[in-house]
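Visitor: here's my sequence, what's the structure:
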Amino acid sequence: MKKRISILLALVMLLSLCACGSSAAQTEASMDIAPMEAPRSVMASSNESASAAAADGFAAYDDAMPVPEPEEAPAGADVPDVDPEKIIYSADATVETTEFDSTLEKVADMIKRYNGWIESSSVNGANYSSTARGNVSSRSAYYTLRVPSTSFNEIMTGLSTLGNVPYTHTYTENVTSQYYDTQARLTAYQTQEARLLEMMEKAETVEDIITIEEKLTDLRYRIESLQSTLKNWDRQVSYSTISLDVEEVQEYTPETPAAKASYGQRMWSALKSSLRDIGTFFSGFLIWLVAALPVLTLLAVCVYVLVVIIRLCRRKRAARRAAKSAPSCDTPDSGK
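Guide: Numbering: from 1, shown residues only. Coordinates of the predicted model:
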């Protein structure tokens, strides 16, 4: 009996010890988990506070340090070089005038005022043929003008002060890429020339000197050719070319386009042009006839003499044929 009681007491003590151990293990586990969860909340709160502090700090920095406005470059500061465009301007124009001599003087004055020059000019005398517009052109002049390209547009606009301008056409040629490519090639050739000159000074044999001189001759020819091309482009870019035709007319070409004119106006204009052409033809023919009268008279005399000679020759031939065809019969004399 006592043994059973002791065994029961031992079991009760063992169970109590197991219960105490499990509660202690749970307490330790809870203590282990709690420290792991606590730092997360702490870190989250610390991060939020840090972000807020940083935002406040940046805001304060922005307020304390305003953004500076861009400053303009001073007048004397170096600006990166930009290659200017190389554009060649040229134009063709026709001017009609009823005062031919004074218009030619105005052309010369205009070109002189803009520091240009007349490259070539020609003046034709009386012309009795009519133009396509039906106006009779008595005299005409043709100019090749060279004017500064900076004044090109102003001069083209000023042509209207010389008379009526029925026709203008402007040409533009951009040679920028060709110009700078040629310039780069020229620089490369000049560099090669300098190297060859250095080699010439160090050459020791006659054969080396002759070889270098041959290369220098060919290289200098290329350099001169490229320099000539660049100078020609520089002249064309700096001074534009205007081909100007000045015509003396009896009346100006109407400014109203033919498409806007009425049907009756176009018929009347065509009729006047036809009558003008007929009158011009007969007046020109009459003047030509008077001028050619001595030559025509001489030709008429020559033709008359030739006709007379031909007739005489024909008569002689006819007489010879008649003489050959006539019978030759001798009649004897009857005795007396």
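Visitor: give me the below-cutoff pLDDT ranges for the stretch 1-150 of the chain.
Guide: 1-82, 126-137 (pLDDT under 70).
Visitor: check the stretch 201-336 of the chain too.
Guide: 254-262, 326-336.
Visitor: the helices in it, which residues?
Guide: Remark: helices assigned in the stretch 201-336 of the chain by DSSP state H, counting those that start in this stretch are 206-238, 263-291, 293-325.
Visitor: turn the ones you listed into JSON lines, including distance to Asn164.
Guide: All C-beta spots, glycine's among them, are computed from the backbone N, C-alpha and C. Formatted as JSON lines, the helices of the stretch 201-336 of the chain follow (distance: least, CB to CB, whole Å):
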{"stretch": "helix 206-238", "distance to Asn164": "29"}
{"stretch": "helix 263-291", "distance to Asn164": "16"}
{"stretch": "helix 293-325", "distance to Asn164": "38"}
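Visitor: tell me the most buried of those?
Guide: helix 206-238 (a mean of 13; mean count of other CB atoms under 10 Å).
Visitor: where exactly do the strands run in this protein?
Guide: Listed in chain order, the strands of the chain (DSSP state E) span 87-97, 117-124, 140-148, 164-174, 239-248.
Visitor: residues near Met200, how many?
Guide: 14 (other CB atoms under 10 Å).
Visitor: how far away is it from Met267?
Guide: The gap separating Met200 from Met267 is 82 Å, by CB to CB, to the nearest Å.
Visitor: also Tyr142?
Guide: Distance of Tyr142 to Met267, computed by CB to CB: 34 Å.
Visitor: what residues are up against the residue nearest to Asn124 when sequence neighbours are not counted?
Guide: Leaving aside its sequence neighbours, Asn124 sits nearest to Ser140 (CB to CB, 6 or more residues apart in numbering; 4.9 Å). Listed by CB atoms under 8 Å, 6 or more residues apart in numbering, the contact partners of Ser140 are 123-124, 127, 245-248.
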